[in-house]
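Enquirer: Show me the folded form of this:
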Amino acid sequence: IILLVLVPVTAVLLALLAGSAVAWRFFIFCLIVTAVSLLWSHISLRGITAEASVTAETRRAGETVGVSFSVENNGRIPLPVLEVEEVTSLPDYRKDRAFTLPAHSLREWRAVIPCTHRGSYNLGELDVIVADPLGLFPVRRRFGDAHNILVYPAAVELPFFQVIPRRQMGQ
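Expert: Below you'll find the model as predicted:
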């Protein structure tokens, strides 16, 4: 961001002090590139839809939960770099993806997430980050709804444990 301001300011100062036509052209070029990059980021984000679907609402510690993700570009602008971050409160899990998404295309994938600790967690929201081809103006938007997943403690086998039938309990 410092270069984004420093370069045009230097060019306009050179143009004013030296009266150079090249410096003026460079200044105008910097303004045009900045404006086009800013518009590119905001317009390309409009055509994006994303969602995640969780396969189960309860699991035991040590098991896994499956999540299906899909990101679709309904816009006319191809996205040279699209970054997707899975928003989750599950411990020891963070997954980011970056890929190219052409215009009018769909990208789907599936993740198997380990449930390492018991507790109640949120899963299923996606942060999509789109930037212009130069990467000057990244724009972030959150998609999807948070699904609550409950992870129970792992079951432990107790050797030599016998369940007494109900009718024998009082005898």
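Enquirer: Every contact and neighbour count from this point should use C-alpha atoms.
Expert: Fine.
Enquirer: So which residues of this structure form helices?
Expert: Here the chain has its helices, by DSSP state H, at 2-18, 21-46.
Enquirer: so who does the residue nearest to residue 60 when sequence neighbours are not counted touch?
Expert: Excluding the flanking residues, the one nearest residue 60 by C-alpha to C-alpha, 6 or more residues apart in numbering is residue 152, at 4.5 Å. Neighbouring residues of residue 152 by C-alpha atoms under 8 Å, 6 or more residues apart in numbering: 58-61, 118-119.
Enquirer: List the buried residues of stretch 143-162.
Expert: 143-144, 146-152 (16 or more other C-alpha atoms under 10 Å).
Enquirer: Name the spans of the protein whose pLDDT lies under the cut-off.
Expert: Scanning the chain for pLDDT under 70 picks out the ranges 1, 3-4, 166-171.
Enquirer: Which stretches in it count as strands?
Expert: Counting by DSSP state E, the chain has strands at residues 48-54, 58-60, 64-73, 79-87, 96-101, 105-114, 119-123, 125-130, 139-143, 147-152.
Enquirer: in the shortest one, what's buried?
Expert: When you say that, I think you mean strand 58-60. Buried, per 16+ other C-alpha under 10 Å, within strand 58-60: 59-60.
Enquirer: ok now it, how far from the chain's centre?
Expert: In terms of C-alpha atoms, centre = their mean, to the nearest Å, the centre of strand 58-60 is found 25 Å from the chain centre.
Enquirer: Begin at 57, not 1, for the rest of this chat.
Expert: From this message on, residue numbering opens at 57, which makes the last subject strand 114-116.
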